[in-house]
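Undergrad: Sequence first, predicted model second:
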There are 2 protein chains.
Amino acid sequence: MIDLAAVARIVVDGRKWSVAGRPRIKDVAEYAGVSPKTVSNVINDFEHVSEHTRAAVREAIEALGYRVNIAGRQLRRGRTGMITLAVPELDVAYFAELAKHVMTAADRRGCTVLLHQTGGARERELAALRGFDAQFTDGVVLSPLSLTPRDLATRDTQLPVVLLGERQAPGGADHVGIDNVAAAREATEHLLARGRRRIAVIGGAVRGRQGTDRLRTKGYQSALQAGRFPFDPDLVVPVDAYHWQDGARAAAALLDRRPRPDAFLCLNDHLALGALRALHEAGLRAPEDVDVVGFDDIEASRFSVPSLTTVAPDKPAIADTAVSLLMDRIDRPGADGAADHVVGHRLMVRESTGGRS
Amino acid sequence: MIDLAAVARIVVDGRKWSVAGRPRIKDVAEYAGVSPKTVSNVINDFEHVSEHTRAAVREAIEALGYRVNIAGRQLRRGRTGMITLAVPELDVAYFAELAKHVMTAADRRGCTVLLHQTGGARERELAALRGFDAQFTDGVVLSPLSLTPRDLATRDTQLPVVLLGERQAPGGADHVGIDNVAAAREATEHLLARGRRRIAVIGGAVRGRQGTDRLRTKGYQSALQAGRFPFDPDLVVPVDAYHWQDGARAAAALLDRRPRPDAFLCLNDHLALGALRALHEAGLRAPEDVDVVGFDDIEASRFSVPSLTTVAPDKPAIADTAVSLLMDRIDRPGADGAADHVVGHRLMVRESTGGRS
DNA sequence: CCACGCGATTACATCGATGTAAATACACTG
DNA sequence: CAGTGTATTTACATCGATGTAATCGCGTGG
């Protein structure tokens, strides 16, 4: 095959241009009457460049509409200015909202986000730790579901990683999340305070997953214990996934039990919204018959009928902290041990547990 | 500064490795006892490589855990294997679901998706057309809100682009979408068949935006016209954005009118779900008091209370068609005029207009 | 007046992969 | 066995940007 780049170079306005129609650093250099390196120096704010030359180069850049070729820079520098965000599923609203915040945070720091879905599969999470074959990325923010602490311990430590969700292996990698135990405890205490005594946990301890479910279940137990209420393991029901339908199914099954549970602590909002739906189909209502609480404070929870009481993690803070931790790692590779950041959360009391809005 | 690459090269198992800890094509070549180019030939399935050499190279790749450096390849080939998907907002469920499908479709074709949010701002949509400065991407799938046909006409045609949503400029760029006029007409006819006569359009003709709203409003009018019902422009209410709260606000205002509208045709599901919420707050119910219809068939619409009648576009088909069109453009740059693909849609009748599920 | 120092600029090599063209190996014909 | 043709393999240049080290120019102190 022919060398496209060489052949397709065409002459425009007396100058040569590459195929893509983009001027190269060399073109700018010629236009400005300096060497390519000097142009590079101007671009990268090297200090020893005279004001005069700097102006000339800036003008040339402007005139030609030059932009650095990232592939070239990356090849030379080993950096791309791109980070990867890997979440289980984008159509889980929490992750979509989180992604939005991460992209905003990254934008602010002048870097681009590559988004990946893992589907919660261990294989794909491991791929994320490797940078997805495409080592096009300087670092990874990963929200794992199936990763084991061992996976983390044996990972290639060359690629900076920040984990979201449950803290996996202490010291294994930087981590950002809320205090899930405390959050679940508060939610449970809220239900207990409202007189609920048969509180079911929907989404507790998902099979084969190392998510936040264990921590939240722990917080639930701790609230019961603190109030000297009995813990009934049968009330902790696992689900296959964190979607509406899983919540609806689990709730429907629970509503058939006698005595009937009087509250659902759902480990995310989708499950909770599904549970609301199941209540509706069973001819029951929240909060009159059953209280429902969720986690994540996705936008839908504010507008459902009834609106949903939920634990609101500080999503902007999670995103911001994660990105900033990651950038630190990228800038200083051999830095000291892993950090563990806890961001705030808040229980939003809404109609599904007797709130007003 | 020192040359990191040169200095940090360390010896492992008797071989040299680059800083990133990754073997290069040269390392594989040495290990296999062939030239770098031969390794490249194996990687790229060049036909004239003997079975024997091929096996040896494969083994070397395996043994060293080699992976191609995309920056190097991109620099040489001018291709990244990455495409950009630019949508207004990820936390609008429709776009999140669409993104999921686009990523799946791209994955299937062995390419990676860079995701961008435009916020619907013209500036950022234009940036998308340019490949976001980062010319890291081979092509762009863009779901525009504010772009004018003129923007399209004057765009740099070097970068392949596929548009989603409303067809902008015929011939300006490839386009994929549903037949919005027909879809809105069907939805309206459904409401008319149920005896509704004062059908309000929530989200009609958003200010300064060139979205699908105009087409859908047109379909609404055409249904009225076909049934010889009068068209009342006051029933078409614009919104600021396509979020729950906008739908809730618009619906609340409409419910105060006398005579009260007896149906809401909402131009997306979020607006519709917000409208359901407003009904609830006004002590009214769907479908008893007011019918509600949405667009997009997001997952939430199947689980809301009541569940939402909505127009379901064939999202997998949209994503698949868009990606495949884009890949075609990328493979054959100078190809003929722009294509215009219409994919299917279907009215999902649910509880909010008297359906059963 | 020259050596010296310092800031500004440039030549050159390099990052990793691959297209081109040339070289080599190999088989087969006459 | 020379000659021709085909199948494999390789040398080399190149994509664009930048680190290193060398060079250039100019002012200053001895």
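TA: Now that the structure is in, tell me what you want to look at.

Undergrad: Now do stretch A:281-299: distance to the chain's middle.
TA: 26 Å (C-alpha atoms, centre = their mean, to the nearest Å).

Undergrad: buried ones in it?
TA: Buried residues in stretch A:281-299, counted by 16 or more other C-beta atoms under 10 Å in any protein chain shown: A:286, A:287, A:290, A:291, A:292, A:293, A:294, A:295, A:296, A:297, A:298, A:299. The way it works is simple: take the backbone N, C-alpha and C, and place the C-beta from them, glycine included.

Undergrad: Filter those residues down to the ones in helices?
TA: residue A:299 (DSSP state H).

Undergrad: just curious, which of the buried residues of stretch A:281-299 is nearest to chain B?
TA: The closest of the buried residues of stretch A:281-299 to chain B turns out to be residue A:299 (C-beta to the nearest C-beta; 6.1 Å).

Undergrad: And chain B, is whichever strand or helix holds residue A:100 touching that?
TA: Assessed by DSSP states H and E, residue A:100 sits inside helix A:93-108. Yes - Helix A:93-108 reaches chain B (C-beta under 8 Å from any C-beta of the partner chain) through A:93, A:96, A:97, A:99, A:100, A:103.

Undergrad: Give the next helix or strand downstream of that helix.
TA: Downstream of helix A:93-108 (by DSSP H and E), the next one is strand A:112-117.

Undergrad: circling back: what about the residues of helix A:93-108 next to chain B, which one has the most neighbours?
TA: Using other C-beta atoms under 10 Å in any protein chain shown as the neighbour test, those are led by residue A:93, with 26 neighbours.

Undergrad: On the pLDDT front, check it for me.
TA: For residue A:93, the model assigns a pLDDT of 91.

Undergrad: what ranges do the strands span in chain A?
TA: A:10-12, A:15-17, A:82-87, A:112-117, A:139-142, A:161-164, A:174-178, A:199-202, A:236-237, A:263-266, A:291-295, A:309-313, A:340-343, A:345-348 (DSSP state E).

Undergrad: Where among these is average confidence lowest?
TA: When the strands of chain A are compared on average pLDDT, strand A:10-12 comes out lowest at a mean of 37.

Undergrad: nearest spatial neighbour of residue A:88, skipping sequence neighbours?
TA: Spatial nearest neighbour of residue A:88, chain neighbours left out: residue A:120 (4.2 Å); criterion: C-beta to C-beta, 6 or more residues apart in numbering or on different chains.

Undergrad: Does the one you found touch residue A:146 like I think?
TA: Yes - Residue A:120 is within contact range of residue A:146, at 5.8 Å (criterion: C-beta atoms under 8 Å).

Undergrad: Farthest pair within the buried residues of stretch A:281-299?
TA: A:290 and A:299 (23.2 Å; C-beta to C-beta).

Undergrad: now the buried residues of stretch A:281-299 as TSV including distance to residue B:84?
TA: Listed next are the buried residues of stretch A:281-299 as TSV, based on distance: C-beta to C-beta, whole Å:
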residue	distance to residue B:84
A:286	42
A:287	45
A:290	45
A:291	45
A:292	40
A:293	39
A:294	33
A:295	32
A:296	28
A:297	30
A:298	26
A:299	25
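
Undergrad: out of the buried residues of stretch A:281-299, which touch chain B?
TA: For chain B, the contacts drawn from those by C-beta under 8 Å from any C-beta are residue A:299.

Undergrad: ok, residue A:141 - contacts?
TA: A:83, A:84, A:85, A:86, A:102, A:161, A:162, A:163, A:164, A:322, A:323, A:326 (C-beta atoms under 8 Å, 6 or more residues apart in numbering or on different chains).

Undergrad: In the stretch 101-250 of chain A, which residue sits closest to DNA strand D?
TA: DNA strand D sits closest to residue A:110 of the stretch 101-250 of chain A, with a gap of 13.7 Å, by C-beta to the nearest atom of the strand.
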